[in-house]
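Peer 1: this is the structure alone, sequence omitted:
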């Protein structure tokens, strides 16, 4: 096996004992191997094989995820830039991440719960998903730093003019009632957090990020195999242990990435009458393909209900939309060529 990459890492164990480890990537006849070995005073530990297979992308996802776990445990590399990412943190990003870290450690729990209650009520009255109104991250930031004025509110990452205008008065009514120990601006955060704890937290965020990427990659692989084998959505649900809605989102991602999913679309739409499919297609042409509900009402009527529920109808709309978008892209490419 040819070693194509190797790095040495170390961390402190106990008061003054340093523990070393080695991370390596090897290749032999198109098969990638990814491994980890620890060294101690008692001798070398056996190799831990993190990955063995032919997919470079999957190997890279495993590498990033497992390395983030180790660095979250305190290991630090001899060679920097170990995640092989194109993007790097700017000073502004670093500052915002430190604000996020601080808010996770020191949020005002009572205020956070009150903000969550506000969000539930607002989402219910406006018939919107709660996360569209405000993310958990944003509510944590608000509850940790407790802005009392519109100007302070705009210093919170994630609060722009639109959100401040829409929800600012509601938030400030909750936040200004809570006493706070520190004031704005928030440059004091840089001085009070411990860099080593922040670094470990940062690697934990990378671990979560890379785990999601790895799960997404493996789901796509299972989907492609299942589609090629002629499986339908319900069978794919059993194979992947993923809900139908998430499966459809993954199918749409595969289509965007250039993979063919038409075999699945044909299978799922074979029981749908062609005139009904044509009506959906026409509705997309008239109304656009961003929102599904107007298309549903256009095809089936404003007061349409179904005893079996609407999920199946929305699934078929999404599958037809994949074909519709593909054709629009093809037409655009044809026009561009001319």
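Peer 2: That came in fine, so what should we check first? Since the structure is predicted, the reported quantities are computational estimates derived from the model, not experimental observations.

Peer 1: count of neighbours near residue 26?
Peer 2: Residues lying near residue 26 (other CB atoms under 10 Å) number 16. All C-beta spots, glycine's among them, are computed from the backbone N, C-alpha and C.

Peer 1: going forward, count from 594.
Peer 2: Got it, the first residue is 594 from now on, which makes the last one we talked about residue 619.

Peer 1: what kind of secondary structure is it in?
Peer 2: Secondary structure, DSSP: H, G, I helix; E, B strand; the rest coil: residue 619 is strand.

Peer 1: likewise the one 10 residues further on?
Peer 2: Three states are possible here, and by three-state DSSP the one that applies to residue 629 is strand.

Peer 1: then residue 598?
Peer 2: Secondary structure, three-state DSSP: residue 598 is strand.

Peer 1: contacts only, for the residue lying closest to it once chain neighbours are set aside.
Peer 2: Counting by CB to CB, 6 or more residues apart in numbering, residue 618 is the residue found nearest to residue 598 once chain neighbours are left out, at 4.2 Å. Neighbouring residues of residue 618 by CB atoms under 8 Å, 6 or more residues apart in numbering: 596, 597, 598, 599, 625, 626, 627, 652, 656.

Peer 1: from those residues, which would you call buried?
Peer 2: 625, 626, 627, 652, 656 (16 or more other CB atoms under 10 Å).

Peer 1: chain center to the helix or strand containing the first one: distance?
Peer 2: With elements taken from DSSP states H and E, the one containing residue 625 is strand 624-632. Distance, stretch centre to chain centre, for strand 624-632: 27 Å (CA atoms, centre = their mean, to the nearest Å).

Peer 1: report all helices and strands that it contacts.
Peer 2: strand 610-621, strand 641-646, helix 649-665 (3 or more CB pairs under 8 Å, 6 or more residues apart in numbering; DSSP states H and E).

Peer 1: any chance of TSV for these, columns distance to residue 721 and mean pLDDT?
Peer 2: Output for the helices and strands packed on strand 624-632, formatted as TSV (distance: least, CB to CB, whole Å; pLDDT from 0 to 100):
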stretch	distance to residue 721	mean pLDDT
strand 610-621	45	91
strand 641-646	41	94
helix 649-665	33	91
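
Peer 1: which of the ones you listed is buried the deepest?
Peer 2: When neighbours are counted by mean count of other CB atoms under 10 Å, the highest per-stretch mean among the helices and strands packed on strand 624-632 falls to helix 649-665, a mean of 19.

Peer 1: and the angle from that one to strand 624-632?
Peer 2: Relative orientation of helix 649-665 and strand 624-632, computed by axes from the mean of the first three to the mean of the last three CA atoms, to 10 degrees: 10 degrees.

Peer 1: for the helix or strand following helix 649-665, packing partners?
Peer 2: Towards the C-terminus, the helix or strand next in line after helix 649-665, according to DSSP H and E, is strand 669-670. Helices and strands touching strand 669-670, as assessed by 3+ CB pairs under 8 Å, 6+ apart, comprise strand 595-606.

Peer 1: give me the residues contacting the strand it packs on.
Peer 2: Contacts of strand 595-606 with the rest of the structure, by CB under 8 Å, 6+ apart, involve 611-621, 663-664, 666-672, 675.

Peer 1: cool, and stretch 721-736?
Peer 2: Among residues not part of stretch 721-736, those counted as contacts by CB under 8 Å, 6+ apart are 692-693, 696-697, 700-702, 704-705, 708-709, 712-713, 715-716, 719, 749-752, 756, 760, 764, 768.

Peer 1: can you do 7 Å?
Peer 2: 692-693, 696-697, 700-701, 704-705, 708-709, 712-713, 715-716, 749-751, 764, 768 (CB atoms under 7 Å, 6 or more residues apart in numbering).

Peer 1: which among the residues you listed count as buried?
Peer 2: In terms of neighbour count (16+ other CB under 10 Å), the buried residues within the contacts of stretch 721-736 are 692-693, 696, 700-701, 704-705, 708, 712, 715-716, 749-750, 764, 768.

Peer 1: tell me which element residue 774 is part of?
Peer 2: Residue 774 belongs to no helix or strand when assigned by DSSP H and E.

Peer 1: what of the one 5 residues further on?
Peer 2: Of the helices and strands defined by DSSP H and E, none includes residue 779.
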